[in-house]
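> Could you work out the structure for the sequence below:
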Amino acid sequence: MPHAVCCDDRNHCCPTGTTCNPLGQRCIGEDEQHTPMRKKKPAKKTVERNEFNEVLCPDRSSKCPDGSTCCMLEQGTYGCCPVPNAVCCADMLHCCPNGFQCHGQFCSQNYAKIPHLRKFSSTQIHRKPAVDFIPEEEDSEESSESTEDAVEEDDINPIGCGVGKTCPAKTTCCKIRGVNGEKKAMCCPLSNAVCCENTCCPGGYHCVAGGKCEKHARTMRTRFWSAGENEDEE
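The predicted structure is shown next:
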């Protein structure tokens, strides 16, 4: 309710213009009318997201994947709890699902007790310039060269890219709209690339405004898989 009176027990509230009576759990108005005290509900946290539905952390320089929660880590940076609307524990290492409380190595809710969750590292918001398509005259020359060598090396066969067009081996075919709105096939010089409007990005990146590529927010699983690898393969 708007402009409510917060009661001293920190659990209830009353309408504006009334007084809390915690003993009878009533709200007393100036006309001596009594109404029941209202129990407060937990406030919902506002979660800021980008256009890819990734969760932006408060430091504005890191992010977590959809379905997770930003939580502060011991070193002062943000990590990701692998559940939405999570409770971040005071030890800055663990977290609990929404509605649970942090108790040592467990998350508790009434009489229920489950193991706590461990956070994983957030992804730094990193942007780099997008990659230009191969000029059409160049990709035609390279495709013909690849065709000549295809008999000896099967893994460098050209890639079909629409009617009468091929891209060199180990590139990506991108279907875009031309200046006049016509469909056009272009070749990105990267394999498994993400096709943008007029450029392309490496796999694992989003196309963003200004001709830039932004790295995806990695999930906990992909972080485990890539353990030991260099994260910033720029």
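> quick one: contacts for the residue most central in space within the chain?
The centre of the chain sits closest to Glu54, judged by Cα atoms, centre = their mean, with a distance of 2.1 Å. Applying Cβ atoms under 8 Å, 6 or more residues apart in numbering, we find Glu54 in contact with 63-66, 216-217. (Glycine included, C-beta is placed from N, CA and C.)
> Flag every buried residue along stretch 108-121.
116-117, 119-121 (16 or more other Cβ atoms under 10 Å).
> just checking, which of those belong to strands?
Those of the buried residues of stretch 108-121 mapping onto strands are 117, 120-121, per DSSP state E.
> quick one: which of the residues you listed is nearest Cys20?
Closest to Cys20 out of those is Leu117 (37.2 Å), distances taken as Cβ to Cβ.
> Identify the bridge partners of that closest one.
Beta bridges link Leu117 to Cys95 when assigned by DSSP bridges.
> In contact with it, which residues?
81-83, 86, 94-97, 107.
> So which residues make contact with stretch 209-225?
Contact partners of stretch 209-225, identified using Cβ under 8 Å, 6+ apart, comprise 52, 54-55, 63-66, 68, 80, 82, 120-131, 194, 196, 198-199, 201-202, 204-208, 226.
> related to what we said a few turns ago, and which of the ones in strands among the buried residues of stretch 108-121 is nearest to Thr19?
Distance to Thr19 across those (Cβ to Cβ) is lowest for Leu117, with 42.6 Å.
> mind checking the SS state of the closest residue to Cys196 other than its chain neighbours?
For Cys196, ignoring the flanking residues on the chain, the nearest one in space by Cβ to Cβ, 6 or more residues apart in numbering is Cys207 at 3.6 Å. Assigned with DSSP: H, G, I helix; E, B strand; the rest coil, Cys207 falls in the strand class.
> Was I right to think Cys207 contacts Cys188?
No - at 11.4 Å, Cys207 does not count as touching Cys188 under the criterion of Cβ atoms under 8 Å.
> Overlap in contacts, these two.
With contacts taken as Cβ under 8 Å, 6+ apart, Cys207 and Cys188 have Cys195 as neighbours in common.
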